[in-house]
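Novice: Output the structure for:
(chains A and B)
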Amino acid sequence: DTGVSQNPRHKITKRGQNVTFRCDPISEHNRLYWYRQTLGQGPEFLTYFQNEAQLEKSRLLSDRFSAERPKGSFSTLEIQRTEQGDSAMYLCASSSPARQGAGYGYTFGSGTRLTVV
Amino acid sequence: TQLLEQSPQFLSIQEGENLTVYCNSSSVFSSLQWYRQEPGEGPVLLVTVVTGGEVKKLKRLTFQFGDARKDSSLHITAAQPGDTGLYLCAVPGETSYDKVIFGPGTSLSVIP
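Specialist: The predicted structure follows:
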């Protein structure tokens, strides 16, 4: 169990640029989640996948945001035409139905800190 | 309107003191989780409670789920600097039990 890996750890970009983040979940976890966290707040749900299927998207996920998990393994989150309000920590988590049913919860990565200047 | 409220928002205490933080809602939940998040890292699950009135202990941490399953508390005995972090409660989503909704957190600082 190597944990959930997120890259990059930090990203500084100019307003209007596109950015892409990557998440590698724990290999045996078929569920993958993206959350956004701003300073002083708890994580806010963005979207989640079961295998390669994107099953739910929050209304927080505007048209500028897109997430993919093409082979049911790693996932990418892309933000187009970044705005200063997109500055936040983007967290990825993975789990499996069996783990969640047993109360084990999510395993989170260390996040990608995005700063839009 | 937040589904979950946590209090206090910030707490700064001396090493060795005891403390309690709270998670409250007007909704009833099938389960509730507590996570701890250290600066620059993702949250780490501490405990899951599922039964009204349930008490779970994890070393110096005691978690209680309210009888009506609407609220929870976390009590830390003899706090240590390593307890510093953001304590988050989380519950299953209202429309989907496959996702988890987090509260705003209590930021705890334990001063040596």
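
Novice: sec struct for residue A:26, please.
Specialist: coil (DSSP: H, G, I helix; E, B strand; the rest coil).

Novice: meant to ask about residue B:36, not that
Specialist: strand.

Novice: Roughly how far does it sit from residue B:73?
Specialist: 15 Å (CB to CB, to the nearest Å). (Each C-beta comes from the backbone N, C-alpha and C, glycine too.)

Novice: same thing with residue A:113?
Specialist: Taking CB to CB, one finds residue A:113 at 31 Å from residue B:73.

Novice: what do you get for residue B:4?
Specialist: 13 Å.

Novice: quick one: common contacting residues for these two?
Specialist: Common neighbours of residue B:4 and residue B:73, counting by CB atoms under 8 Å, 6 or more residues apart in numbering or on different chains, are residue B:23.

Novice: When these two are compared, which one has more neighbours?
Specialist: residue B:4 (22 against 17; other CB atoms under 10 Å in any protein chain shown).

Novice: Quick check: phi and psi at residue A:84.
Specialist: Dihedral angles phi and psi of residue A:84 (degrees, to the nearest 10) take the values phi -60, psi -30.

Novice: Verify the stated contact: it with residue A:114.
Specialist: No - Residue A:84 is beyond contact range of residue A:114, at 10.5 Å (criterion: CB atoms under 8 Å).

Novice: Show me which of the two is the more surrounded one.
Specialist: Comparing residue A:84 with residue A:114 by other CB under 10 Å, the one with more neighbours is residue A:114, at 21 against 9.

Novice: mind listing what that one touches?
Specialist: Contacts of residue A:114 by CB under 8 Å, 6+ apart are A:11, A:12, A:13, A:19, A:21, A:79, A:82, A:86, A:87, A:88, A:89, A:90.

Novice: and the fifth one, that one's in a strand?
Specialist: Meaning residue A:21. Yes - if the criterion is three-state DSSP, then residue A:21 is within a strand.

Novice: so who does it touch?
Specialist: Taking CB under 8 Å, 6+ apart, one finds A:6, A:7, A:8, A:11, A:76, A:77, A:78, A:90, A:92, A:112, A:114 in contact with residue A:21.

Novice: May I see the ChimeraX selection of the buried members of these?
Specialist: To isolate the buried ones among the contacts of residue A:21 in ChimeraX, judged by 16 or more other CB atoms under 10 Å in any protein chain shown, type:
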select /A:6,11,77,90,92,112,114
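
Novice: Mind naming the longest strand for chain B?
Specialist: strand B:85-92 (DSSP state E).

Novice: partners of that strand, with directions?
Specialist: Strand B:85-92 has the following strand partners under DSSP bridges: strand B:32-37 (antiparallel), strand B:100-102 (antiparallel), strand B:106-111 (antiparallel).

Novice: now the strands for chain B?
Specialist: Under DSSP E, chain B gives strands at B:5-7, B:10-14, B:19-24, B:32-37, B:44-49, B:55-58, B:61-65, B:71-76, B:85-92, B:100-102, B:106-111.

Novice: can I get those in TSV with mean pLDDT?
Specialist: Below are these laid out as TSV (pLDDT from 0 to 100):
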stretch	mean pLDDT
strand B:5-7	96
strand B:10-14	97
strand B:19-24	98
strand B:32-37	95
strand B:44-49	93
strand B:55-58	96
strand B:61-65	97
strand B:71-76	98
strand B:85-92	94
strand B:100-102	91
strand B:106-111	97
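
Novice: Ok, which of those strands comes nearest residue A:58?
Specialist: strand B:100-102 (10.4 Å; CB to CB).
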